[in-house]
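In: Below: sequence and its predicted model.
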Amino acid sequence: MPPESDRSSRELLVELGTEEIPAGFLARALVELAGLVPAHLSAARLAHGAVQIWGTPRRIAISVAELADRQPDVDERVVGPPVSAGFDKEGKPTRAATGFAEKNGVDVSALEQSEVAGKKGQYLVCTRREPGRPTGEVLPGVVAGVLAAISWPKSMRWAVPEVAFVRPVQWLVALYGGEVVPVVFGGVRAGRQSRGHRFLAQGPVDLDGSAGGYLAALRDAFVLVEPDRRKTMIAAELARIESETGTRVRPDEGLLDEVSFLVEYPVAVCGEFSREFLEVPEPVVVSAMRAHQRYFAMEDAKGKLVNRFVTIAGTVTRDPAVVKQGNEKVLAARLADARFFFTEDQKHGIDYFRERLGGLLFQKQLGTVKEKVERTLPLALWLAQRVGAAPAAVTQAVQLSKFDLTTAMVGEFPDLQGVMGRRYAELAGVAPDIAVGIEEHYQPRGAKDAPPATDLGALVGMADRLDTLMRCFDVGLQPSGSADPFGLRRAALGVLRILLSRSWPALSLADLVRQAGQPFGGLAEAKESSRAQLLEFLKTRLRGYLVDVEGLAADCVDAALAAGFDDVPDARARAVALSKLRARADFEPLGAAFKRVANILKGQATDRVPDPAAFVEGEEKALWTSFGEIEGRVATRLKDGDYAGALQVLAELKGPVDRFFDKVLVMDKDERVKANRLALLGRINATFTRIADFRQLSV
């Protein structure tokens, strides 16, 4: 515990122990908690220092440094009844006024009379002081609230019916300054004892309440709480295996991330499988190891797959040979299945699998996968015409794009869709570019996956995703919360990333959506409302990508998209240019000047042409002259798509704009003068808005 002289702030430590949490759920929850904890502490008016979040499959841990020992007092402005209801005709307070005063702990004489935004007339107002409470009193609700706020894809209910959580709660630690916080969650009351590794340290682990002490105590109990530490240890274990075997682990960052959330204390074990299984295509062997068993594949110095693998055990074993043999036996069975499916699929031609798509349902309102492919073809050909692609190649690639979904191999190994389509197409003698397009049309499969490298793969992938998006939106299958069974968020991001990755002529999102919703095969034309919803959905996904992935300033992205997002690469170029402008030392006053022009025009008609002869003040004449000097240069840069250059030139207007607003009253009493000044600002703003809506900037 901290010394008595240092009690103005203390450390909070929380650990929630559960049954094993799925790796994907846990990784997502830890990211979410990094935002939830500060938000809940802020809502509780508790000042704090650094927040750290850790987790293993059996526990979630939270550390908060320098957590204040009490809330600050706050003064809150409270609005009461109208003055007319609070006082009678003689000016004496009514029951409405006295009740309002009593409720807020003030005397009637302390009530003020004031106008209130959004309401007509005078209202009674008072200032209510709410004294801060000790942190110890507030924390039980805060801790329980944080844990309950975690959004899990799926939750369970057990002996505590009022609580839904990802897995049943086994123990709870909550210590503030070393003292137990009396919080109850999931039917478990908080204490000060954690638990060590399930097999290597089964006894209770006493905690002192400090983050450092917690991490050290758990390490001594064979639990590495920090995901990054486990990941580093796994990498070291893989390096050890490489050194011992003379072969290397095939790089797989995604699997490394996943496995780090599957164990509390990682130990690598190397195994082998029969060389005869190397006759099966490499992607199949890797999938059997990776997707089903979470094994790392191994390769030789030339990158060729070898008959070895590495599995990460979650404990130190007495006899590693037993673990090795068990994993080898399981993998051998999986590989034998894969070899059987590969052999069986070779007994049929591609047309056989294509016909079977008619019996594979895509969605009950949208028909079979075969019908979806037929629907995708005219959209892909429409796209091909606009980007100059060969229609014959596009036709064949679309027609063959989904045939592998009915193969035995993909039925057993769904992650190989497209991969096996390419391999089987190559074995059947299909042209290489078509075979590549079959595989690539699924790209990007995820956030870290690259978009298609060829136009053919990109075109087929675009058409396929647009059909999925438009048709699902039109029958009311939009994502809601964490539910997205058709992967529409991923599909939308795929469309956007493809558009951003290709050097195609400009394609209009509105046109793409409209074309995807054309009537076909018994399906009516998509509703206008559905198209509007999809466009807004695409805009939201584009904003998220530019801010979260590309790291552009959120307000700059909002400003650029508010000016238009129909041309996706152009929208990104404008957001990038605006973000570069933000890096200037004088950005805030410059952005404020641009924003001021846009704000004053809100709700004003500015479509008339300004009359220079009608300008009265020298500053408005000077602004018109300055704009005339740069307008041509700006137009040239805008035509070339040089938005950074256009903004650089527009920045020259800052001085004239500032002097204009300092000296000129835009809303002059003379309507002619006022209209002419608005026309001047409208002409300038029309140039600004070709790049961004500067009202969205936070300056």
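Out: Arrived safely, thanks for sending.
In: for the helix or strand where residue 590 lies, packing partners?
Out: The secondary structure element spanning residue 590 is helix 587-600 (assigned by DSSP states H and E). Based on contacts counted as 3 or more C-beta pairs under 8 Å, 6 or more residues apart in numbering; DSSP states H and E, the elements that helix 587-600 packs against are helix 568-582, helix 654-663, helix 671-688. Heads up, the C-betas are built off the backbone N, CA and C, glycines and all.
In: To residue 104, which of the ones you listed lies closest?
Out: Evaluated over the helices and strands packed on helix 587-600, closeness to residue 104 peaks at helix 654-663, with 42.2 Å, by C-beta to C-beta.
In: Compute the mean per-residue pLDDT across that closest one, please.
Out: pLDDT averaged over helix 654-663 equals 90, rounded to a whole number.
In: Let me see the mean pLDDT of stretch 415-425.
Out: Per-residue pLDDT over stretch 415-425 has a mean of 95.
In: tell me the SS of the residue of the chain positioned farthest from its centre?
Out: The outermost residue of the chain, judged by C-alpha distance from the chain's mean C-alpha position using C-alpha atoms, centre = their mean, is residue 90 at 61.2 Å. In three-state terms, and counting by DSSP: H, G, I helix; E, B strand; the rest coil, residue 90 is coil.
In: Show the pLDDT at it.
Out: If you check residue 90, the pLDDT there is 87.
In: now it: how far from residue 99?
Out: Here residue 90 is placed at a distance of 19 Å from residue 99 (C-beta to C-beta, to the nearest Å).
In: cool, and residue 422?
Out: 76 Å.
In: So for the two, which sits in the more crowded spot?
Out: residue 422 (23 against 14; other C-beta atoms under 10 Å).
In: For the residue lying closest to that one once chain neighbours are set aside, grab the count of nearby residues.
Out: Leaving aside its chain neighbours, residue 422 sits nearest to residue 439 (3.8 Å; criterion: C-beta to C-beta, 6 or more residues apart in numbering). Using other C-beta under 10 Å, the number of residues around residue 439 comes to 23.
In: for residue 439, what are its contacts?
Out: Contacts for residue 439 were tallied using C-beta atoms under 8 Å, 6 or more residues apart in numbering; they are 418, 419, 421, 422, 457.
In: Run through the stretch 151-300 of the chain and note the low-pLDDT ranges.
Out: Residues of the stretch 151-300 of the chain meeting the criterion pLDDT under 70: none.
In: Just the helices from it, written as ranges.
Out: When secondary structure is read from DSSP state H, counting those that start in this stretch, the stretch 151-300 of the chain shows helices at 211-220, 227-245, 253-260, 282-293.
In: Now do the second one and helix 211-220, the angle between them.
Out: Read it as helix 227-245. Between helix 227-245 and helix 211-220, the angle formed by their directions is 30 degrees, by axes from the mean of the first three to the mean of the last three C-alpha atoms, to 10 degrees.
In: Going by the annotation, which residue ranges form each domain of the protein?
Out: In the assignment given by automatic domain parsing, the structural domains of the chain cover 4-71+135-220, 74-130, 228-345, 352-551, 568-696.
In: nearest to residue 559, of those domains?
Out: When the domains of the chain are compared for distance to residue 559 using C-beta to C-beta, the nearest one is domain 568-696, at 3.9 Å.
In: Now do that closest one: distance from first to last residue.
Out: Taking C-alpha to C-alpha, to the nearest Å, the first and last residues of domain 568-696 lie 19 Å apart.
In: One more: stretch 549-559?
Out: End-to-end span of stretch 549-559 (C-alpha to C-alpha): 18 Å.
In: which residues are contacting that stretch?
Out: By C-beta under 8 Å, 6+ apart, the list of residues contacting stretch 549-559 reads 447, 543, 546-547, 572, 575-576, 578-579, 581-582, 692-698.
In: same deal with stretch 309-319?
Out: Outside stretch 309-319, the residues within contact range by C-beta under 8 Å, 6+ apart are 197-200, 222, 234, 237-238, 241, 249, 259, 262-273, 289, 293-298, 323, 327, 331.
In: In ChimeraX, select just the buried ones from those.
Out: Once 16 or more other C-beta atoms under 10 Å is used to decide burial, the buried members of the contacts of stretch 309-319 can be selected in ChimeraX as follows:
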select :197,198,222,234,237,238,241,249,259,262,263,264,265,266,267,268,269,270,271,272,273,289,295,296,297,298,323,327,331
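In: Could you list which of the contacts of stretch 309-319 belong to strands?
Out: Among the contacts of stretch 309-319, DSSP state E puts 249, 267, 268, 269, 270, 271, 272, 296, 297, 298 in strands.
In: Could you list everything the last one pairs with in the sheet?
Out: Bridge pairing for residue 298 (DSSP bridges) gives the partners residue 249.
In: May I see the buried residues of stretch 503-523?
Out: Neighbour counts using 16+ other C-beta under 10 Å place 504, 507, 509, 512, 513, 514, 515, 516, 517, 520, 523 of stretch 503-523 among the buried residues.
In: what about that stretch, how long is it end to end?
Out: End-to-end distance of stretch 503-523 (C-alpha to C-alpha): 33 Å.
In: mean confidence for that stretch?
Out: Rounded to a whole number, the mean pLDDT of stretch 503-523 is 93.
In: and after the longest helix anywhere in the chain, which helix or strand comes next?
Out: Selection of the longest helix in the chain by residue count, based on DSSP state H, yields helix 320-345. Per DSSP H and E, helix 320-345 leads on to helix 350-356 as the next helix or strand towards the C-terminus.
In: For that following helix, what is the distance to the chain centroid?
Out: Put simply, helix 350-356 sits 38 Å off its chain's centre (C-alpha atoms, centre = their mean, to the nearest Å).
In: Following element in sequence after that helix, please.
Out: The first helix or strand that comes after helix 350-356 along the chain, using DSSP H and E, is strand 361-363.
In: outside of that following strand, which residues touch it?
Out: The list of residues contacting strand 361-363 from outside it, by C-beta under 8 Å, 6+ apart, reads 367, 368, 369, 371, 372, 471, 472, 475, 477, 486.
In: Which residue in these has the weakest pLDDT?
Out: Of all these, residue 486 carries the smallest pLDDT score, 90.
In: Burial check on that residue, number of neighbours?
Out: In terms of burial, residue 486 registers 17 neighbours under the definition other C-beta under 10 Å.
In: now do the one 5 residues further on
Out: The tally of other residues near residue 491 (other C-beta under 10 Å) stands at 20.
In: could you give the angle of whichever strand or helix holds it to helix 568-582?
Out: Counting by DSSP H and E, the element that carries residue 491 is helix 488-501. Comparing the axes of helix 488-501 and helix 568-582 via the same axes, to 10 degrees yields an angle of 80 degrees.
In: and helix 488-501, what does it pack onto?
Out: Under the contact rule (3+ C-beta pairs under 8 Å, 6+ apart), helix 488-501 is packed against helix 455-474, helix 528-544, helix 568-582.
In: burial measure for the closest residue to residue 130 other than its chain neighbours, as a count.
Out: The spatially closest residue to residue 130, leaving aside those adjacent along the chain, is residue 74, at 5.1 Å (C-beta to C-beta, 6+ apart). For residue 74, the count of nearby residues is 11 (other C-beta under 10 Å).
In: show me the contacts for residue 74.
Out: Remark: with contacts taken as C-beta under 8 Å, 6+ apart, residue 74 is in contact with 45, 129, 130, 132.
In: Find me the pLDDT at the third one, would you?
Out: Read it as residue 130. At residue 130, the pLDDT value in this model is 82.
In: Am I right that it is in contact with residue 72?
Out: No - in this structure residue 130 lies outside contact range of residue 72 using C-beta atoms under 8 Å: 9.7 Å.
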